[in-house]
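Peer 1: Could you work out the structure for the sequence below:
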Amino acid sequence: MFLAPSPKLVAFRFCTSPLRHARLILPRRSSIQVRAIATPAETKEGFEEMLAGTQRKYYMLGGKGGVGKTSCAASLAVKFANSGHPTLVVSTDPAHSLSDSFAQDLTGGLLVPVDGPDSPLFALEINPEKAREEFRSATQSSGGTGVKDFMDSMGLGMIADQLGELKLGELLDTPPPGLDEAIAISKVMQFVESPQYSMFSRIVFDTAPTGHTLRLLSLPDFLDASIGKILKLKKKIQSATSAIKSVFGQDEKNDDASDKLEKLRERMIQVRELFRDTEATEFIIVTIPTVMAVSESSRLCTSLKKESVPVKRLIVNQVLPPSASDCKFCAMKRKDQMRALDMISNDEELKGLSLIQAPLVDVEIRGVPALRFLGDIVWK
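Peer 2: Residues are numbered from 1 along each chain as shown. Modelled structure (predicted):
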């Protein structure tokens, strides 16, 4: 059923499909409403709590691939911006979708202003190749591999030469899985620490699917410990070799390799502290009402708590709204979804989270007007 155009209606229309999953109602005021299976729970931890305060806050949205993380993250960013918070939304997923979600070219690894919201909204799609270059620059210096130069500075150049045929340098100069995301977030921290970017009071992260995110959460601890051991070993050897070099009048080399590793280590510590800051950071799990997705969300929640990452909210996306007359497909689908929702209410990890249900709608959520529409449904 289509509504006749009216000058008082909002300036964009949704088309309904033959299978109407949600009925869109365009009222005479500027907001858009939808009839859904359930209204998001009104709790003390609703959007008003997320909106309160001038202290900068970070929100990371993650979950299984294909559940709508990017749409939820983009709609949250638009909601913050329309509520008066200058906002930055960042995608750390190597397979970016923010450009598609905003219907705007956000590629290039630079901050791009988003057109439409009331307050400033910028988006950033991290360039994975640039993130890898960050790692290589931390392990390489001009004129040779970082491994060789680093071992030279430790007085182990002869050993490095003997091991050269094994090409260990190529192995160690190759970024491990998940490092591009960690360096990407640390690069964002460089942005927000600069006075030029101090305007942002809300930072929203659209993270990669669960497996990548879990590696990302554990990576700062791993790098902190690993780099710390390397630097500690280097200092011990350097203290012994520096005395010998001084006897023969050899100058100490400028230790760029260890300086870069130390800076990388500091960034990893900052990322770890950002993840665990209960006052400024919150991880929001996004899922869909299927048994597989709920099971994965439960494991993600367990891992988040193990890493001391604050998590309070669970978004269940694509929930079928009620219908007076169900087709056989819809009836079976709704039965499966109710079983998944029952799993959430009985799951030890998930039942304590604030539950938000977002309905399945028969339009594609793309562009700022559509994201505002979704934000009015989800973030209440």
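
Peer 1: any idea how far residue 93 is from residue 347?
Peer 2: Noted for residue 347: a distance of 26 Å to residue 93, by C-beta to C-beta, to the nearest Å. C-beta coordinates here come from the backbone N, C-alpha and C atoms, glycine included.

Peer 1: And for residue 337?
Peer 2: For residue 337, the distance to residue 93 equals 26 Å [C-beta to C-beta].

Peer 1: Comparing the two, which residue is more hemmed in?
Peer 2: Between residue 337 and residue 93, counting by other C-beta atoms under 10 Å, residue 93 is the more crowded of the two (25 against 21).

Peer 1: Verify the contact between that one and residue 205 for me.
Peer 2: No - judged on C-beta atoms under 8 Å, residue 93 makes no contact with residue 205 at a distance of 9.6 Å.

Peer 1: pLDDT averaged over the helix or strand harbouring residue 190 - what is it?
Peer 2: Assigned by DSSP states H and E, residue 190 falls within helix 179-193. Helix 179-193 shows a mean pLDDT of 67.

Peer 1: How about stretch 312-332?
Peer 2: Mean pLDDT, computed over stretch 312-332, is 87.

Peer 1: That one spans what distance, first to last residue?
Peer 2: Stretch 312-332 has an end-to-end distance of 31 Å (C-alpha to C-alpha, to the nearest Å).

Peer 1: now do stretch 96-108
Peer 2: Stretch 96-108 has an end-to-end distance of 11 Å (criterion: C-alpha to C-alpha).

Peer 1: Return the set of buried residues in it.
Peer 2: Applying a neighbour-count criterion of 16 or more other C-beta atoms under 10 Å, one finds 96-99, 101-104, 106 buried in stretch 96-108.

Peer 1: of those residues, closest to residue 278?
Peer 2: Of all the buried residues of stretch 96-108, residue 98 has the smallest distance to residue 278: 27.0 Å, by C-beta to C-beta.

Peer 1: Find the helix or strand that residue 344 is a member of.
Peer 2: Using DSSP H and E, residue 344 falls in helix 328-346.

Peer 1: which other helices and strands contact that helix?
Peer 2: Under the contact criterion of 3 or more C-beta pairs under 8 Å, 6 or more residues apart in numbering; DSSP states H and E, helix 328-346 touches helix 291-306, strand 311-319.
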